[in-house]
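S.K.: after the sequence you'll find the predicted model.
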Amino acid sequence: MNHKSCLTLSATAPLLLAICLACSTLMAQEQSVKPGINKSFDKPNVTDFEGRFEKEGREAFDHRKEIVAACQLKPGMAVADVGAGTGLFTRLFAREVGQDGLVYAVDIAPEFVAHIERSAREEQLTNVRGVLCKPDSVELPANSVDLVFICDTYHHFEYPQKTLKSIHQALKPGGRLVVVDYRRVEGESSAWTLNHVRAGQEVFTKEITDSGFKLESEVKDLLKENYLLIFTKADQ
């Protein structure tokens with residue numbers, strides 16, 4: 001190999017490395033980080049899940065008022081409840097933002113979305129919109145919401161990088177992302193949590209900050225089994 005060829009290879013090496021890294025990232029995004037995690041939401045029995053999600057003893061339910069207060073909602077805001085489930089927080093948010101506001105109830109299960117829309121009509125909450133999302137996208141319009149709320153659902157993201165990208169796009173400039181999820185600590189967390197939740201707070205926080213968000217605060221001394229983090233959308 002002559003000297004000119006060596007120089008050419010040297011000059012192109014960084015470009016080749018960048019291409020390889022980009023391809024590696026893309027391949028990672030195409031693979032589920034927790035295959036089967038959402039199997040229970042294939043044609044879920046809504047009544048059964050209401051009994052699980054909206055009951056005394058579930059920390060997010062017991063502290064629902066404090067969690068909503070931590071979101072600092074104002075009348076007229078647009079909010080997305082991602083992984084809305086049976087609509088517990090969707091209904092609470094709808095009352096907080098008022099008739100001039102809007103709440104998107106985002107879920108992967110058509111049964112949950114239909115249930116939320118029906119229960120919202122029964123409670124005369126006309127500011128609720130159901131959204132059927134995809135495993136890798138929240139399916140919201142760009143710059144459409146002031147706040148995205150994810151409660152005990154982030155660990156269900158099979159494609160976190162793609163899903164976070166769609167959340168970033170959906171948030172308005174300076175919009176906030178509120179995440180409540182289970183503490184996963186070896187030797188402290190329950191066997192169910194250790195088996196069900198793929199990673200702990202530090203890993204999830206890094207995934208989110210690497211996706212264009214800035215950690216603003218953590219609400220402490222409120223939850224024991226869970227943590228509550230507040231991020232803001234940063235420029236990318």
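M.R.: Alright, I've got the coordinates.
S.K.: contacts, neighbours, all on C-alpha from now
M.R.: Will do.
S.K.: where in this structure is pLDDT low?
M.R.: 1-29, 236 (pLDDT under 70).
S.K.: show me the helices in it, by range?
M.R.: Secondary structure of the chain (DSSP state H): helices located at 3-30, 46-53, 59-62, 64-70, 88-97, 110-122, 160-170, 191-196, 201-209.
S.K.: then the fourth one to CSV, C-alphas only?
M.R.: Only the C-alpha atoms of helix 64-70 are listed here, as CSV (Å, rounded to 0.1, in the frame of the first residue of the first chain):
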residue,chain,number,x,y,z
ARG,A,64,-52.8,10.5,42.7
LYS,A,65,-53.7,14.0,44.0
GLU,A,66,-50.1,14.8,45.0
ILE,A,67,-48.8,13.4,41.7
VAL,A,68,-51.2,15.6,39.7
ALA,A,69,-50.2,18.6,41.9
ALA,A,70,-46.5,17.9,41.0
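S.K.: tell me what that helix is packed against?
M.R.: Using 3 or more C-alpha pairs under 8 Å, 6 or more residues apart in numbering; DSSP states H and E as the contact test, the elements touching helix 64-70 are helix 88-97.
S.K.: could I get the buried residue list for the helix it packs on?
M.R.: 88-91, 93-97 (16 or more other C-alpha atoms under 10 Å).
S.K.: any chance of the residues you listed in CSV, plus distance to V178?
M.R.: Shown next, in CSV, are the buried residues of helix 88-97 (distance: C-alpha to C-alpha, whole Å):
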residue, distance to V178
L88, 16
F89, 12
T90, 14
R91, 17
F93, 13
A94, 16
R95, 18
E96, 16
V97, 16
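S.K.: quick one on the thing from earlier: adding distance to N143, write the helices of the chain out as JSON lines.
M.R.: Output for the helices of the chain, formatted as JSON lines (distance: least, C-alpha to C-alpha, whole Å):
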{"stretch": "helix 3-30", "distance to N143": "23"}
{"stretch": "helix 46-53", "distance to N143": "30"}
{"stretch": "helix 59-62", "distance to N143": "28"}
{"stretch": "helix 64-70", "distance to N143": "22"}
{"stretch": "helix 88-97", "distance to N143": "18"}
{"stretch": "helix 110-122", "distance to N143": "22"}
{"stretch": "helix 160-170", "distance to N143": "5"}
{"stretch": "helix 191-196", "distance to N143": "33"}
{"stretch": "helix 201-209", "distance to N143": "18"}
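S.K.: out of these, flag the one nearest M77.
M.R.: If you check each of the helices of the chain against M77 by C-alpha to C-alpha, helix 88-97 wins as the nearest, at 5.6 Å.
S.K.: who touches the closest one?
M.R.: If you take C-alpha atoms under 8 Å, 6 or more residues apart in numbering as the criterion, helix 88-97 is touched by 53-54, 64, 68, 73-79, 81, 84, 101-105, 120, 125, 127-128.
S.K.: same check on stretch 77-85?
M.R.: Contacts of stretch 77-85 (C-alpha under 8 Å, 6+ apart): 53, 89-90, 93, 97, 100-108, 112-113, 138, 144-151, 153.
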